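> Sequence first, then the predicted structure:
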Amino acid sequence: MKVLHIITGLEFGGAEQQLRLLLRRLPANCEVVTLTNPGPVADGIRADGTPVTHLGMSGNRDLGAIPRLARLIRGGRYDLVHTHLYRAGVYGRIAARLAGVRAVVGTEHSLGETRIEGRRLTRGVRRLYRATERLGSATVAVSDTVADRLVRWGVPEERIHVVPNGIEGHRFAYDPDARTAVREMLGVPADAFVVGGVGRLVPGKRFDVLVRAVTHLSSVHLLLAGDGPERAALQRMARQFAASDRIHLLGARGGVVGPATGDVPDEEPGIPGLLSAMDVFVSPSSEEAFGLAVLEALASGLHVLYGDCPAIDELPSERAPGARRCGADPYELSQAIRKLRSDGPGRLPVPPVVEHYDIGLAAESLMAVYEQALAGTSRARGRVFPARVPAPDESASNVSLPDPSRSPAADDPSLSKR
């Protein structure tokens, strides 16, 4: 089976790292096209032995991207095309159909109630998503929560397959030597109580709540790995509360897939090392599609405070005894952290939820979706979703399929900012 994966970009990010992990497990001949930003993850995928092509898309008004992508797909003689992330889903499904590929699978990695990939959902985005989704064979949701959202949008439930994200849990195992080395590297005292967070610095992640909470806690340090438009505001907040020496904004970090050429160099600690340096992990986001960072923290034996995490909430609570919900108020969060500090949390045994989301199981499930798509069947995997009736103005029957020559940005100007 020859499969082409199309993704919007290959800088740091959960979907990007997830693709790299899957490529190592899928028993198929895979290649990758990135529409934009062939960053460190692209280098890592190449180092793993999978070819990566940069399409060189300049933006959503790059109308030549669709025929260029269609020519590439046609020339590659692929059996199946698999798209990842919103823009790649829109362009990739259209191009695959123009190239004559009928087995097209798209994974929905980042769909929230009000945002997709950290950006506000508009009616135009939703209508364009639904229209182009119909050009594919199946849509993969990374959680039941995402699947429910898709059904409410009017995506037929028989087209939806739930294949949760997966991790290599052993890569996040607590390492006391790494704890010492990372703290020394970052200038964090060996005996300091360290709170941590990982994710894109965008409003939906609510890292401002976490930063503000830590400013209430004298001598507590925060390690925050990630980059994005909120970074400058978070830095100003740390200065405003005279906590710049304790708030460490580390930028984007890799190293979650394992050493290979193209990964973040050793002098910059990756996510596993940072998790070993932490005492408590906090994910204050109120709207997640899965919650991969929480799962990685649990694999490191950390206590976790989280706002929303389908990966945890969709399983019985005993699967993740070290994870508990936290509120959106900075003072309440600071009190929860203070209590954990006074209890002396220590490291926990790795909980069963980590094994439940093993990347090998995710790859097996995805191959089953591929086989169904190639066979032309439409039997949904995972739980059976209750019937949902979309609002009249959101019915899929009211949406015309897009003109392949028309840019998505023309239908929704907000996409030109992507």
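Now that the structure is in, tell me what you want to look at.

> Any figure for the gap between the closest residue in space to Arg171 that isn't next to it in sequence and His356?
Spatially, and ignoring its direct neighbours in sequence, Arg171 is nearest to Pro272 (5.6 Å; C-beta to C-beta, 6 or more residues apart in numbering). Placement of C-beta: from N, CA and C, glycine included. For Pro272, the distance to His356 equals 20 Å [C-beta to C-beta, to the nearest Å].

> Among those two, which residue is more densely surrounded?
Between Pro272 and His356, counted using other C-beta atoms under 10 Å, the more crowded position is Pro272 (22 against 16).

> contacting residues around Gly136?
For Gly136, the contact set (C-beta atoms under 8 Å, 6 or more residues apart in numbering) comprises Thr83, Gly89, Arg93, Ala96, Val104, Val105, Gly106, Arg159.

> Can you report phi and psi for it?
phi -90, psi 180 (degrees, to the nearest 10).

> and if you look at Ala336?
Summarising the backbone geometry of Ala336 under the convention degrees, to the nearest 10, its torsions are phi -70, psi -40.

> The chain should start at 753 in everything you say after this.
Right, with 753 as the first residue, what we last looked at is Ala1088.

> Next up, the contacts around it.
By C-beta under 8 Å, 6+ apart, Ala1088 lies in contact with Leu1057, Arg1076, Cys1078.

> where do the helices sit along the stretch 903-1052 of the chain?
Taking DSSP state H, counting those that start in this stretch, the helices of the stretch 903-1052 of the chain run over residues 928-938, 959-967, 983-992, 1023-1029, 1044-1051.

> So which of the ones you listed is nearest Gly796?
Evaluated over these, closeness to Gly796 peaks at helix 1023-1029, with 13.4 Å, by C-beta to C-beta.

> quick one on the thing from earlier: I figured the residue nearest to Arg923 hits Ser1052, correct?
Yes: counting by C-beta atoms under 8 Å, Pro1024 touches Ser1052, with 7.2 Å between them.

> what touches both of the two?
Jointly contacting Pro1024 and Ser1052 under the rule C-beta under 8 Å, 6+ apart are Phe924, Ala925.

> which regions of this structure lie under the pLDDT threshold?
Counting by pLDDT under 70, the chain shows low-confidence ranges at 1006-1019, 1129-1170.

> domains in it, as residue ranges please.
754-918+1112-1169, 921-1108 (automatic domain parsing).

> Show me the two of the contacts of Gly888 that sit farthest apart.
Spatially, the most separated pair among the contacts of Gly888 is Ala848 and Arg911, at 15.6 Å (C-beta to C-beta).
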